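J.: Sequence isn't available, so here's the structure alone:
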């Protein structure tokens, strides 16, 4: 029972619900692959997910099952029968002796045609599904970007730019919405963290130790937008800092901040 | 341990799925009869539109029809697989339409829309086995504290992440994480004997 650390086991319920952040999901999935224990935990919480839906159970609309059966029938391979092929016009001009090879040829051609059509229909359906899915993903991204933009434009949002302390010139900006206790981080020209490491944001209180915040990495181009960062109103947060930490993050910084900055008016 | 085994005459879901893999429509029909109600209700509660919920359920069962031979029972039950498919399709749809905020209160749902978690009326189903299962689920949800129930509801029906729940409720992230974990563990402990596939 000790093939996965407790920290990973604790994430299993939220993973089964889909409530982890992308960073946590990636870390959990990496651990999941080699852990029968975690696989069992996730399976069990998924059973729970199936059971929860029972509570709101209601009758599906009349006719929905008929639509399902119609749909799966339409997806079945076209039925093939040599009967109609035998009535092909070629039969009239062929002698009885040559009819068999012609019928066989006709049948083979019909099979090829049917199989070809089936493959074509299947491929078209796959293409359509892929396009639908890509479209839905783009729409979701757009909606997310729009929500981010709206969040930036909220009154009370302050911008803190964290300036570089080393030779690299990354730009890290934190848009802090003090009213809603949330922030958005925008990183530019920040090279991806080395393998096995991650960037970690820290909330800097007026007094006391840095408070661990979100983990993230940048894309190859050095960009990243991290949204929905909680900034608790009761922690006297005055600024932000960014460090490179081992994958999975740290409770306290283990390296010097790459960038740091204090929010205006704090 | 399992106090709610399927009646001896009931064919297990995985056996139905084997027959579905062989192109047996009657097996698909039975699987539909058994689970469409819960899947439809969950899809409807997430998507908020009847027509969307219908399409989601159709897609999920059509996917089961196509991919039945690839189903691996060691990874979970058939209904858990179908529920994951329906939830992710419904949540993708809602995200794509940017309607996530809409379902908060449920006020805009149609009059016969499913109620919030923990307030389900278990008296509507006629099948005694399903009736008991619904009742224990309703009781287990009702036994959670209201904040725990709210967190589970936001995650399950709105697809919110920990951070998004924390933001929505204006509470610290750590508190929300703990709350979701404890609530799920409590539900699991209470409901494990009633799983559709108790061997998992």
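T.: Perfect, I can see it now. Predicted, not measured: the structure shown is a model, and the values here were computed from it. Numbers count the residues shown, from 1 in each chain, chains lettered A, B, ... in the order given.
J.: Residue A:202: what secondary structure?
T.: Three-state call for residue A:202 (DSSP: H, G, I helix; E, B strand; the rest coil): strand.
J.: Who are the packing partners of the helix or strand hosting residue B:130?
T.: Using DSSP states H and E, residue B:130 maps to helix B:128-142. Applying 3 or more CB pairs under 8 Å, 6 or more residues apart in numbering or on different chains; DSSP states H and E, we find helix B:128-142 packed against helix A:36-54, helix B:173-191. (Glycine included, C-beta is placed from N, CA and C.)
J.: now, of those helices, which is deepest in the fold?
T.: helix A:36-54 (a mean of 22; mean count of other CB atoms under 10 Å in any protein chain shown).
J.: show me where chain B has helices.
T.: In chain B, the segments counted as helices under DSSP state H are B:13-21, B:25-47, B:50-67, B:78-97, B:128-142, B:146-158, B:162-169, B:173-191.
J.: for chain A, same thing?
T.: Using DSSP H, helices in chain A cover A:6-9, A:12-17, A:22-33, A:36-54, A:64-75, A:82-86, A:90-93, A:96-152.
J.: show me the contacts for the residue of chain B most remote from its centre.
T.: Residue farthest from the centre of chain B, counting by CA atoms, centre = their mean, is residue B:172 at 27.4 Å. With contacts defined as CB atoms under 8 Å, 6 or more residues apart in numbering or on different chains, residue B:172 is in contact with A:230, A:232, B:166.
J.: thought residue B:195 was touching residue A:47?
T.: Yes. Counting by CB atoms under 8 Å, residue B:195 does reach residue A:47; the two are 4.4 Å apart.
J.: Which neighbours do those two have in common?
T.: residue B:77.
J.: which ones are touching residue A:146?
T.: residue B:98.
J.: Against residue B:85, how distant is it?
T.: According to CB to CB, to the nearest Å, residue A:146 and residue B:85 sit 28 Å apart.
J.: Ok, residue B:127 next?
T.: Counting by CB to CB - residue B:127 and residue B:85 are separated by 24 Å.
J.: of these two, who's got more company?
T.: residue B:85 (20 against 11; other CB atoms under 10 Å in any protein chain shown).
J.: so how far is chain A from that one?
T.: For residue B:85, the distance to chain A (CB to the nearest CB, to the nearest Å) stands at 11 Å.
J.: which one is that residue nearest to, not counting chain neighbours?
T.: Nearest residue to residue B:85 in three dimensions, chain neighbours excluded: residue B:60, at 4.5 Å (CB to CB, 6 or more residues apart in numbering or on different chains).
J.: how many other residues sit next to that neighbour?
T.: Using other CB under 10 Å, residue B:60 has 26 other residues around it.
J.: what's the answer for the one 10 residues further on, then?
T.: Using other CB under 10 Å, residue B:70 has 7 neighbouring residues.
J.: Residue A:173 now?
T.: 17.
J.: what is the nearest residue to it once chain neighbours are set aside paired to in the beta sheet?
T.: In space, and not counting its chain neighbours, residue A:173 is closest to residue A:186: 4.5 Å by CB to CB, 6+ apart. Judged by DSSP bridges, the bridge partners of residue A:186 are residue A:173, residue A:225.
J.: would a markdown table of the helices of chain B with mean pLDDT be doable?
T.: A markdown table is the format used below for the helices of chain B (pLDDT from 0 to 100):
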| stretch | mean pLDDT |
| --- | --- |
| helix B:13-21 | 93 |
| helix B:25-47 | 94 |
| helix B:50-67 | 93 |
| helix B:78-97 | 90 |
| helix B:128-142 | 89 |
| helix B:146-158 | 94 |
| helix B:162-169 | 94 |
| helix B:173-191 | 95 |
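J.: of all those, which lies closest to residue A:236?
T.: helix B:173-191 (16.9 Å; CB to CB).
J.: where in the stretch 101-250 of chain A is pLDDT low?
T.: A:101-108, A:111-113, A:115-116, A:119, A:150, A:153-156, A:161, A:163-168 (pLDDT under 70).
J.: Give me every residue in it lying close to chain B.
T.: A:135-137, A:139-140, A:143, A:146-147, A:180-182, A:214, A:228-230, A:232 (CB under 8 Å from any CB of the partner chain).
J.: redo that, cut-off 10 Å
T.: A:122, A:125, A:129, A:132-133, A:135-144, A:146-147, A:177, A:180-182, A:211-214, A:226-230, A:232-235 (CB under 10 Å from any CB of the partner chain).
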